[in-house]
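1. just a sequence and a predicted model for now, questions to come.
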Amino acid sequence: MKILVKSIWTKLGGIDVLRGVTLEISSTSSIALIGRNGAGKTTLLRTILGILKPYRGSIVVEKGGEQIQTTRMKPYKIARLGIGYVPQGRMIFPDLTVEENLEVAYGSPVPSDVLEWIYTIIPDLKKLRKRLGMYLSGGEQQMLAIARALVRRPKILLLDEPLEGLAPRIVKTITKTLRDIREEGVGLFITEPGNIKRIKPLAEKAYGIDRGEIVYSGNVDGILQDPVARRRIWGL
Amino acid sequence: MSIDYALVQAINTLFYASILFLIASGLSLIYGIMRILNLAHGSFYMLGAYISYTAAMLWIGPTPAGFVAGFVLSLAFLAAVGALTERILIRPLYSKPSELQLLLTFALMIALDDVVKMIWGPEYKSFTKLPWGYMSIGHYSVPIYMLVVIASSTIIGLLLWWFFAKTTIGKQMRAAAYNPEIAAALGMNTDLLFVSAFALGSALSGFAGAMASPILTAYPGMGTDAIVLSFAVIVIGGMGSILGSVVGALIAAIARTVMVIVYPLLEVALIYIVMIIVLLVKPTGLFGKEIVERR
């Protein structure tokens, strides 16, 4: 499966936040999207997911040899094509338990084989399954957000700054979990505000974004050598 | 004050609390899940009252079958009215400033008063007879009907609790209440959740009207009285909380009974005094969580 983003322009509060973004996300690779706060990373994810609509350009999902136009599709239908979402700040439903958080995303009580699969990838969640979302630590919430995105067995996961605001030890655990998910055949698209060292073990390829424009496309190390990316993302 | 008199007043209070709970829980769940303050909610209560009157007094006659038909009809009709209102009138306004929703539902409230006057006329509609007879407590006589209303409302309260605590769609509504965008991006059909929540809340109000009118009569403008009272109930109990609606309704009903006994001219005054005190001391209501503003 592939998501083809074709020169999309998205406005937010009257301002162009995405200005002709073109890129490709696939279920067979792990890609980092690197850019400062306000560069348009979250807006890009929200546009792909149909929460925001671009006023120009189009988004196509390629699935089983079929080309599906998702530009004007409802978010829940886009999600059901096989796209999982781990939002910025986790956004765990606070007054639902861990298992209920999974249940609402799945649409019915989660079948035991899916639950087993999730607990194999994220074993820590199993002992927390009756705990309310509001009583989870930041790392536990991030684990749950990833699990919640996995229940519908997506082909691609979109993760918005999944390593941000976590202790180094937790970053390690999450990194390991995401690598395991990648090995299960799920494509990853991960946004990262600028820490190349921590995103490198997770990504095979990187895009750089600044002020709503893609300013780099290539391997992860290369972004630090690229003069345009250095200037626009790090001001070097 | 005799025991008999106290018992009669207790039943009166519980009857009144039952009706208030049904209206207020509907209003509260719609606001809690969708952040829509439906000013026409009381008008749905009025429609329920008139439908019940029509079924029980005009079509079938004031038999138990007539009354039950009236309840079922009001419930179903107001669920449909609620669904259509959300789908046709309110959904186009989600992305607009919330004042527009208030204005729209306010207009609907005024329009429905006139619709009722057009169809049923401006005069009060009284039910000439109550089903299921009377029960005597000392030398007082209490309609069994009141006990049926109290029991029905209790059962509905328990069903609501079960629905939101145990069913997937109920939990999805709670998830969408927290953050509808995230809910949709995770694959939940929020359009369906919202229209269902609105239909459910409206049906509760219609049902309340159907159950109340045999005792309290049906009249144009009763919706305005109901919406103002149910605001007081959910302000006291807390927005978006079923338990809050229960407690708020009980407090409001007790406050009313006290005034009826002490100084009937100010029947509902104490309710609003309690409301003001709660607003000053705990603005989120007794059981309310902080409601996050959203656009």
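-> Thanks, I have the structure now.
2. chain B: strands as residue ranges?
-> B:134-137, B:140-143 (DSSP state E).
3. and chain A, which of the ones you listed is closest to it?
-> strand B:140-143 (40.0 Å; CB to the nearest CB). In short, each C-beta sits where N, CA and C put it, glycine included.
4. give the partner strands of that closest one in its sheet and their orientations.
-> Sheet pairing here is set by DSSP bridges, and for strand B:140-143 it gives strand B:134-137 (antiparallel).
5. show me which residues of chain A are close to chain B?
-> Chain A comes close to chain B at residues A:46, A:49-51, A:74-76, A:79-80, A:85, A:87, A:91, A:93-96, A:100-101, A:103-105, A:107-109, A:148-149, A:152, as judged by CB under 8 Å from any CB of the partner chain.
6. let's see the ChimeraX selection covering just the buried ones among those residues.
-> Remark: buried members of the residues of chain A next to chain B, expressed as a ChimeraX selection using 16 or more other CB atoms under 10 Å in any protein chain shown:
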select /A:46,49,50,51,75,76,79,80,85,87,91,93,94,96,100,101,103,104,105,107,148,149,152
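7. mind listing which of the residues of chain A next to chain B are in strands?
-> Going by DSSP E, the strands hold residue A:85 from the residues of chain A next to chain B.
8. neighbours of residue A:135, how many?
-> Around residue A:135 there are 12 other residues, counting by other CB atoms under 10 Å in any protein chain shown.
9. quick one: it from residue A:94, how far?
-> 9 Å (CB to CB, to the nearest Å).
10. now residue B:254
-> Residue B:254 is 33 Å from residue A:94, by CB to CB.
11. how far off centre is stretch A:212-232?
-> 20 Å (CA atoms, centre = their mean, to the nearest Å).
12. select the longest helix from chain A.
-> The single longest helix within chain A, with elements called by DSSP state H, is helix A:168-183.
13. now the helix or strand that comes right after that one and helix A:168-183, what's the angle there?
-> For helix A:168-183, the succeeding helix or strand toward the C-terminus, using DSSP states H and E, is strand A:187-192. Orientation note: strand A:187-192 sits at an angle of 150 degrees relative to helix A:168-183 (axes from the mean of the first three to the mean of the last three CA atoms, to 10 degrees).
14. neighbouring strands - and their directions - for strand A:187-192?
-> Strand A:187-192 is paired, per DSSP bridges, with strand A:30-34 (parallel), strand A:156-159 (parallel).
15. could you find the closest non-adjacent residue to residue B:133?
-> residue B:144 (5.5 Å; CB to CB, 6 or more residues apart in numbering or on different chains).
16. am I right that that neighbour is in contact with residue B:150?
-> No: if you go by CB atoms under 8 Å, residue B:144 and residue B:150 don't touch, sitting 10.6 Å apart.
17. those two - which one has more neighbours?
-> Legend: neighbour count by other CB under 10 Å for residue B:144 and residue B:150, higher for residue B:150 (19 against 13).
18. for chain A, see how far away the more buried one is.
-> Taking CB to the nearest CB, to the nearest Å as the measure, residue B:150 falls 29 Å from chain A.
19. contacting residues for that residue?
-> Shown in contact with residue B:150 (CB atoms under 8 Å, 6 or more residues apart in numbering or on different chains): B:11, B:14, B:15, B:18.
20. one more time with 10 Å, if that's ok
-> Counting by CB atoms under 10 Å, 6 or more residues apart in numbering or on different chains, residue B:150 makes contact with B:11, B:13, B:14, B:15, B:16, B:17, B:18, B:19, B:211.
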